[in-house]
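Asks: next input, structure requested:
(chains A and B)
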2 protein chains.
Amino acid sequence: MKHVIRNSCALATLFPGLLTLASRAADPLPSWNDTAPKRAIIAFVETTTKTGSPNFVLLPERIATFDNDGCLWAEQPMYFQLAFAFDRVKTLAPQHPEWQTEEPFASLLKGDVKAVAATGEKGAMQIVAATHAGLTTEEFSKIVTDWITTAKHPKTGKLYTQMVYQPMLELLAYLRANGFKTFIVSGGGIEFMRPWTEKVYGIPPEQIVGSSLKLKFEMRAGKPVLVKLPAVDLIDDKEGKPVGIQLHIGRRPIAAFGNSDGDLQMLQWTTAGPGARFALLVHHDDAEREWAYDRESHIGQLNKAWDEAVARGWTVVSMKRDWNTIFPK
Amino acid sequence: MKHVIRNSCALATLFPGLLTLASRAADPLPSWNDTAPKRAIIAFVETTTKTGSPNFVLLPERIATFDNDGCLWAEQPMYFQLAFAFDRVKTLAPQHPEWQTEEPFASLLKGDVKAVAATGEKGAMQIVAATHAGLTTEEFSKIVTDWITTAKHPKTGKLYTQMVYQPMLELLAYLRANGFKTFIVSGGGIEFMRPWTEKVYGIPPEQIVGSSLKLKFEMRAGKPVLVKLPAVDLIDDKEGKPVGIQLHIGRRPIAAFGNSDGDLQMLQWTTAGPGARFALLVHHDDAEREWAYDRESHIGQLNKAWDEAVARGWTVVSMKRDWNTIFPK
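Replies: Residues are numbered from 1 along each chain as shown, chains lettered A, B, ... in the order given. Got it, this is the predicted structure:
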């Protein structure tokens, strides 16, 4: 031990910042305050990954699923995919005079965001279907990439991909460093996420589960294409989340992370399996650094899932109390 | 070099079998004869994985998709999943008197396999839906596991999982050793494959793409379950294969392996991307060691895809000429 300490001291003389760096590197979750949620996460990872632990989980079974909107990135004042779809509607409106009177398009074009938001997930899907249908998967991917690398959030002026949560990026990395395979399971569109999730979250396209439109294989000028049809294939929300998990992963997660009632069934499904399980909800209670909303919100409503979390002892994160950083700097 | 050789000689004295073993280990595909298909596979892997190669492919893009029936394991005298379903029909028949007169059940119960086979993929799906519906995913998984570990093939008397192709097991391992992620993309049922593919092929449930029934999330006695409905979600065959690939993988494979017309669109989709691409068809031409069938077969018909393979220079494997071993010993 003395030998090691002497070496460290010698190194510290040469590189004064090194010890600070090393001690920070030892904390895998520096943006998390030392409160109950961080302790619960670390305890869960240790008990499921340490050889000899009674809760040890084999590598292939270490599946963790994350909601996206409101869990990995922000979702106010509207789902970011809806902002994307709004921009598409405005771009395409000259070719669709009927949208001036048809809802939810009419409200959208008048700038009445609240009226559009009130149509909920269903109205959102109508807009998505109307603006995405007829495109090939490659065309759509390019449109998303162009938008996500240029569009700015109306309040913060940041790129949307800069409005991801730093504590969750650390959590994703920490789980992966411990052999977990991380998946997104989102009500958002699977093809809307895939063009950028690998770069932003380190999650590849094949680990994205989301809502989808039906696809059709066609030959166009001798070249095969996949065309997005104006028909919903899966709404990966609420009861749809365990369905999406089974379809895409085929194995029950041992840990699941969400923030709203849309995640309740995913958390129920995850915690119903045997052995150690982990369920976490992010509570948006920081109006100063982010937004504050829960039981009455149109977007990201957290009501039933909150009650169940309290009753069942799931981890609830207060963004205000438990996170010292919200967005990456 | 001398030093290394001397060490090898010393080791060989101690462990006489070691050098033979080492030289065999140097050939990643020992069950493949040294003919054109093996050379084409190795050339493709080398050109896509060697740093500095003009065709170098980054690790996350190394996606390879494999058909299952007739490509990774045998499919005669009927798809093995159909044999499973037949056994289920026989087990459940006492509870379904109407099956005595309804097709394809009536033919099945009379033992008229040809009449059932003539109903094709559609008849197969009817049987699958009728025998699987109402079960939870966990119940179904248990039934499959019980069957696959006990049922024997009518001709060979082997377990069905012993009728996988040794050369393809080697190919899967070789690709994975070179950083490829291997997926199954099969017309067979996704939930029929998942209980055993990890053990048999080294392919985990989340890398299985297949035909599926719709699922429904329900609470049963306070416990969440996923129930299989008697409604098709996706037929992952022909035009459905690129659709299944996009839905589950979200990235175009750079290599695809099949054996029948059901794989044609997967091979078209795979080879239509930029850069080096690889497409291979297994031709069943070995009546002595396996089966011989192609253009006229009800099961695993190879007709259009064969013509296209010849026209486009895809690799066609003759089981008779190119494989020195068929099944694992």
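Asks: for chain B, what are the nearby residues on chain A?
Replies: Counting by CB under 8 Å from any CB of the partner chain, the positions of chain A adjacent to chain B are A:60, A:63, A:137, A:181, A:183, A:190-191, A:194, A:198, A:204-208, A:212, A:215-217, A:223-224, A:226, A:233, A:239-240, A:242-243, A:246-251, A:265, A:268-269, A:272. Every residue, glycine included, has its C-beta placed from N, CA and C.
Asks: quick one: contacts for residue A:329?
Replies: residue A:166 (CB atoms under 8 Å, 6 or more residues apart in numbering or on different chains).
Asks: does it count as helix, strand or coil?
Replies: Here residue A:329 is recorded as coil under DSSP: H, G, I helix; E, B strand; the rest coil.
Asks: just the pLDDT at it, thanks.
Replies: pLDDT, residue A:329: 91.
Asks: how near is it to residue A:200?
Replies: 15 Å (CB to CB, to the nearest Å).
Asks: go through the residues of chain A next to chain B and flag which are in strands.
Replies: A:63, A:181, A:183, A:208, A:212, A:215, A:216, A:217, A:223, A:224, A:226, A:233 (DSSP state E).
Asks: tell me the contacts of the third one?
Replies: The reference is to residue A:183. Residue A:183 touches A:63-66, A:203, A:207-209, A:245, A:248-249, A:253, B:206, counting by CB under 8 Å, 6+ apart.
Asks: swap in 6 Å and give it another go.
Replies: A:65, A:207 (CB atoms under 6 Å, 6 or more residues apart in numbering or on different chains).
Asks: could you find the residue in the stretch 51-200 of chain A that comes nearest to chain B?
Replies: Per CB to the nearest CB, residue A:194 is where the stretch 51-200 of chain A lies closest to chain B, at 4.7 Å.
Asks: circling back: are any of the residues of chain A next to chain B buried, and which?
Replies: Among the residues of chain A next to chain B, those scoring as buried are A:63, A:137, A:181, A:183, A:190-191, A:194, A:198, A:204-208, A:212, A:215, A:217, A:224, A:226, A:233, A:239-240, A:242-243, A:246-251, A:265, A:268-269 (criterion: 16 or more other CB atoms under 10 Å in any protein chain shown).
Asks: just confirm residue A:198 contacts residue A:204, I think it does.
Replies: Yes. With contact defined as CB atoms under 6 Å, residue A:198 counts as touching residue A:204 (5.0 Å).
Asks: coming back round to it: make TSV out of the ones in strands among the residues of chain A next to chain B and add pLDDT.
Replies: What follows is those, written out as TSV (pLDDT from 0 to 100):
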residue	pLDDT
A:63	98
A:181	98
A:183	98
A:208	98
A:212	94
A:215	97
A:216	98
A:217	98
A:223	96
A:224	98
A:226	98
A:233	94
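Asks: report the two of these separated the most.
Replies: A:63 and A:223 (36.5 Å; CB to CB).
Asks: nearest spatial neighbour of the most centrally placed residue in chain A, chain-adjacent residues omitted?
Replies: With the centre of chain A defined as its mean C-alpha position, the nearest residue by CA atoms, centre = their mean is residue A:68, 1.5 Å away. Distances taken as CB to CB, 6 or more residues apart in numbering or on different chains put residue A:186 closest to residue A:68, at 3.8 Å, once the chain neighbours are dropped.
Asks: report the buried residues of the strand or helix carrying that neighbour.
Replies: Element membership for residue A:186, per DSSP states H and E: strand A:181-189. Burial within strand A:181-189, assessed by neighbour count using 16+ other CB under 10 Å, is assigned to A:181, A:182, A:183, A:184, A:185, A:186, A:187, A:188, A:189.
Asks: then stretch A:166-175?
Replies: A:166, A:167, A:168, A:169, A:170, A:171, A:172, A:174, A:175.
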